[in-house]
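**Student:** Build the 3D model from these lines:
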Amino acid sequence: MQIDVFTLVPHAFGWLTEQRPLAAVLGTEVDLRLFGYRDTTPLANGQVDDAPYGGGPGMVLRVDVVAAALDAVYGGVPGHRVIALTPQGRQLDQQVVEQLAEEEHLTLLSARFEGFDERILTHLCSDAISIGPYVLSGGELPAMVLVDAIARLQPGALADESSRRETFSAELDGGLEFPQYTRPAEFRGWRVPDVLVSGDHARIEEWRREQSRARSTR
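**Tutor:** Model (predicted):
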């Protein structure tokens with residue numbers, strides 16, 4: 001799939017491209033392209049935002065700037081899904097991630113400070129997504145969250161069994177993952193549950209399912 005991200009700070013995504021799961025699928029399953037609004041803005045001196053009509057603090061990303069960016073890359077508003085990252089969007093969850101991971105092409109729009117001119121959301125986007133009920137300084141982190149969540153579902157991103165039995169997976173009936181432990185078996189008097197070192201795989205499986213159900217119903 002192809003994911004295009006429009007942002008004021010394309011270089012902020014550099015670290016993400018070097019990390020799993022994205023690094024494992026870049027150039028094969030995922031083509032990630034980063035575009036800076038300042039590179040195509042029709043305004044002088046790289047201007048991309050302006051004071052809001054009606055007054056108030058902060059700056060708002062201009063509609064003509066975003067339209068110019070889409071025109072430069074696609075020749076207009078593209079036919080595929082264009083997603084604005086904004087607290088006003090629908091809540092991101094695993095079901096939404098799985099739906100988006102099936103798309104062939106996605107465009108993500110990020111803004112900073114006071115966000116988007118509303119006409120961007122109304123006329124240039126087909127979707128809006130929020131990663132939580134809180135406010136950040138910009139849409140770059142939400143865009144990274146979405147890219148990472150989508151990338152890890154692509155073939156080859158993770159070990160074959162890694163995503164089969166994790167939190168929200170069908171294997172766990174959409175619930176939370178059971179507790180995990182590793183060596184040492186005892187540390188400062190904190191012991192790993194005896195069942196996990198018993199070698200009895202049926203008991204281990206039963207314990208894990210019980211723990212998953214208990215965590216999911218809290």
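
**Student:** List of residues touching stretch 25-39?
**Tutor:** 1-10, 13, 17, 22, 46, 48, 61, 65-66, 69, 72-73, 147, 150-151, 154-157 (Cβ atoms under 8 Å, 6 or more residues apart in numbering). Every C-beta, even on glycine, is put in place using the N, C-alpha and C of the backbone.

**Student:** Which ones among these lie within strands?
**Tutor:** Judged by DSSP state E, strands contain the following of those: Q2, I3, D4, V5, F6, T7, L61.

**Student:** out of the residues you listed, which are buried?
**Tutor:** In terms of neighbour count (16 or more other Cβ atoms under 10 Å), the buried residues within the ones in strands among the contacts of stretch 25-39 are I3, D4, V5, F6, T7, L61.

**Student:** Let's have these in TSV, adding pLDDT and distance to V77.
**Tutor:** Output for those, formatted as TSV (pLDDT from 0 to 100; distance: Cβ to Cβ, whole Å):
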residue	pLDDT	distance to V77
I3	98	17
D4	98	13
V5	98	17
F6	98	13
T7	97	18
L61	97	16
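
**Student:** okay, which residue is most central for the chain?
**Tutor:** The chain has L146 as the residue nearest its centroid, 1.1 Å off, counting by Cα atoms, centre = their mean.

**Student:** who's in contact with it?
**Tutor:** I83, L85, L92, V97, L100, L108, I129, I131.

**Student:** Work out for me the element the first one sits within.
**Tutor:** Secondary structure assignment for I83, by DSSP states H and E: strand 81-91.

**Student:** list the buried ones in that strand?
**Tutor:** Of the residues in strand 81-91, those buried (16+ other Cβ under 10 Å) are R81, V82, I83, A84, L85, T86, P87, G89.
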